[in-house]
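Colleague: 3D, please:
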Amino acid sequence: MVVKHRDEEVGRVALDDISGLICTAHGATYSNNLIMALSQRGCPIVLCGANFMPAAIIWPTQTHHLQSARLDGQIAMSKPARGRLWKDLVKSKISMQAAALALCGKRNAHIKAMVRKVRAADASNVEGQAARAYWVTIFGREFRRDPDSDGVNGLLNYGYAIIRSAVARHLMAAGLHPGIPLHHSNDGNPMRLVDDVMEPFRPIVDCVVWRMHERGINDVDANSKRVLAVLLAQNLVLDSGVSPVSLVIQRLCISLAQYCVDGETKLELPHTSKGILGALWDDDKSGEDAIKEEGDD
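Modeller: Purely as a prediction, here's the structure:
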């Protein structure tokens, strides 16, 4: 991919190194050759509005050789099965929020306690209760999570768009349809499954944005975009070992696709602890050291 500004080349990126193309520049143009090349590699193209929220996503129509079987299983999945999977995702998200608070030096016992309250399909909306408590704890009582606002909210939007594009890519590569959800039900959202699966990874963005905010960085500019863009290459830990965030997302998507076929595969979710998230900006910390810190929260 060749990037130009006023006919002057400003950079090149190997196509195979691109996980997702997020477009936010006003007046940007794209060649059909680029769109086709990225589509052939299963790479989504995310078009964002002025608030850095995704407005449209271009995604490939052919992804996996078992796509039909996995898609059939996805469509036929029972409501109780969807409820169990959503429960696992919500518990993982809330646990990750508690870990994020610990990493940022905030109290987190009230969030950790909510994990045990999550039931099938999260019928009591513990996720929403945890979110309300979480935002005021991490960013202060004056903060309100508003996707239409700028500042910290704009940074969060941009970071989430990066995670969303990666989840979309790996879901489609695994042969699943991004619009057939486990929980999200907004009729106007063509990426409902993407928004389901990305939930445990949102606190990763929150940690990085909190750290930027503490350093006085509150605007979405070239530097903050660069910091958020490398999130997918940072390390997290699974039972199988240390992996970049992008690979952790891929493994979760593949495990979900396998569940759609056999109804037995367990979702491969990331570990949730202060130590695991700390490795996001501590390259010297090994996965084993991070796991040992799990009891420190």
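Colleague: any stretches of the stretch 101-250 of the chain with poor pLDDT?
Modeller: For the stretch 101-250 of the chain, applying pLDDT under 70 flags the ranges 237-241.
Colleague: what about the helices in the protein?
Modeller: Assigned by DSSP state H, the chain shows helices spanning 32-40, 67-76, 79-103, 109-115, 126-139, 152-173, 192-197, 202-214, 222-229, 245-262, 274-278, 287-292.
Colleague: now the fourth one: how far from the chain's centre is it?
Modeller: To tie it back to what came earlier, the one meant is helix 109-115. 21 Å (C-alpha atoms, centre = their mean, to the nearest Å).
Colleague: same check on the second one?
Modeller: Here helix 67-76 shows a centroid-to-chain-centroid distance of 23 Å under the convention C-alpha atoms, centre = their mean.
Colleague: what residues of stretch 13-33 count as buried?
Modeller: With burial defined by 16 or more other C-beta atoms under 10 Å, the residues of stretch 13-33 counted as buried are 18-22, 24. In this view, the C-beta of every residue, glycine as well, is placed from N, C-alpha and C.
Colleague: again, but for stretch 41-52
Modeller: So for stretch 41-52, counting by 16+ other C-beta under 10 Å, buried means 42-48, 51-52.
Colleague: among those, show me the least confident.
Modeller: Lowest in pLDDT among these is Asn51, which has 70.
Colleague: distance of that one relative to Thr29?
Modeller: Using C-beta to C-beta, to the nearest Å, Asn51 is found at 22 Å from Thr29.
Colleague: can you get me a residue count around the closest residue to Gly20 other than its chain neighbours?
Modeller: Of all residues not flanking Gly20 in the chain, Ser165 sits nearest, at 2.9 Å (C-beta to C-beta, 6 or more residues apart in numbering). Neighbourhood size, Ser165 [other C-beta atoms under 10 Å]: 26.
Colleague: which ones are touching Ser165?
Modeller: 19-22, 44, 46, 57 (C-beta atoms under 8 Å, 6 or more residues apart in numbering).
Colleague: and Arg169, by the same measure?
Modeller: Listed by C-beta under 8 Å, 6+ apart, the contact partners of Arg169 are 19-20, 42-44.
Colleague: which one of those residues sits closest to Val136?
Modeller: Gly20 (31.0 Å; C-beta to C-beta).
Colleague: what's the pLDDT at that closest one?
Modeller: 78.
Colleague: against Leu34, how distant is it?
Modeller: Taken as C-beta to C-beta, the span from Gly20 to Leu34 is 13 Å.
Colleague: separation between the nearest residue to Ile75 once chain neighbours are set aside and Pro190?
Modeller: Spatial nearest neighbour of Ile75, excluding adjacent residues (C-beta to C-beta, 6+ apart): Ile180 at 6.4 Å. Distance of Ile180 to Pro190, computed by C-beta to C-beta: 10 Å.
Colleague: mind listing what's buried in stretch 174-190?
Modeller: 174-178, 181-183.
Colleague: let's have those in CSV, adding distance to Gln74.
Modeller: Below are the buried residues of stretch 174-190 laid out as CSV (distance: C-beta to C-beta, whole Å):
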residue, distance to Gln74
Ala174, 10
Gly175, 9
Leu176, 6
His177, 6
Pro178, 10
Pro181, 10
Leu182, 10
His183, 14
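Colleague: and the two most separated of the residues you listed?
Modeller: Greatest spatial distance in the buried residues of stretch 174-190: Gly175 and His183, 20.3 Å, computed using C-beta to C-beta.
Colleague: let me see the contact set for Arg41.
Modeller: For Arg41, counting by C-beta under 8 Å, 6+ apart, the contacting residues are 15-16, 18.
Colleague: hmm, try it at 10 Å
Modeller: Contacts for Arg41 (C-beta atoms under 10 Å, 6 or more residues apart in numbering) come out as 15-16, 18-19, 60, 169, 173.
Colleague: same check, this time on Asp17
Modeller: Asp17 neighbours (C-beta under 10 Å, 6+ apart): 1, 233.
Colleague: now with 8 Å, please.
Modeller: Counting by C-beta under 8 Å, 6+ apart, Asp17 makes contact with nothing.
Colleague: roughly how far apart are Gln129 and Gln97?
Modeller: Taking C-beta to C-beta, one finds Gln129 at 11 Å from Gln97.
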